[in-house]
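Participant: need a structure here:
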Amino acid sequence: MENRNGLVVNTRLTQQQSVMLHWQWSLSCRLVRSHLARIKATIAEAVVAGLRVLAITPHVAQRLRARGGSAIDGSLNRKQIASLAGVAPFNVDSGSSRGKRAIWGGRSALRRVLYMAVVSGIRCNATIKAFYTRLRDTGKPPKVALVACMRKLLTILNAIATSSTPWTAPAQVVS
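Facilitator: I've put the predicted structure just below:
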């Protein structure tokens with residue numbers, strides 16, 4: 001019997017029908033799990049390839065993949081992904097007083113891996129190195145500049161995962 005919404009109600013299944021439905025359900029669950037595993041593997045490969053292009057050591061890329069790298073799948077915008085990793089600046093304001101901005105929360109393991117990746121990137125990657133030196137030249141403290149580089153690296157990786165294209169360094173503008 002069907003209700004007014006077209007849904008079947010008050011039915012009884014035979015043992016054979018019940019077994020068949022259970023088998024179909026378990027088969028579809030296995031198919032969904034295998035598709036999700038393939039999608040996650042593709043995303044992880046893109047992230048690892050992006051890190052290698054950015055001249056970050058492979059063991060850092062593997063640790064990022066193992067420790068929550070699935071967050072970098074291109075489904076979040078730059079502010080959301082920075083907050084998820086714990087590198088977004090949050091205000092410490094109360095009433096009319098304005099405090100310093102600070103980072104907290106997020107995935108600490110991902111933040112630790114990003115920190116090491118940025119330390120490596122400052123030495124080996126021209127884009128990250130130029131960004132860091134520009135921040136230091138404007139008077140930012142070293143840790144603040146490192147966190148800003150972590151956020152920039154995270155944004156680059158998210159863009160790579162979103163577009164599914166390898167990262168290319170921007171051309172140097174000569175003025």
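Participant: give the next helix or strand downstream of the helix or strand of the chain with the lowest mean pLDDT.
Facilitator: Taking mean pLDDT, DSSP states H and E as the measure, helix 58-66 is the helix or strand of the chain with the lowest mean score, a mean of 53. Of the helices and strands lying after helix 58-66 in sequence (DSSP states H and E), the nearest is helix 78-85.
Participant: show me what stretch 24-34 is in contact with.
Facilitator: Stretch 24-34 is contacted by no other residue when judged by CB atoms under 8 Å, 6 or more residues apart in numbering. For glycine as for every other residue, the C-beta is placed from the backbone atoms N, C-alpha and C.
Participant: pull the distance from that stretch to the chain's centre.
Facilitator: 26 Å (CA atoms, centre = their mean, to the nearest Å).
Participant: what's the average pLDDT for it?
Facilitator: Taken as a whole, stretch 24-34 has an average pLDDT of 84.
Participant: same question for stretch 140-153.
Facilitator: Stretch 140-153 comes out at a mean pLDDT of 90.
Participant: also stretch 114-128?
Facilitator: Per-residue scores along stretch 114-128 average to 88.
Participant: got the buried residues for it?
Facilitator: Going by neighbour count (16 or more other CB atoms under 10 Å), the buried part of stretch 114-128 is 114-122, 125, 127-128.
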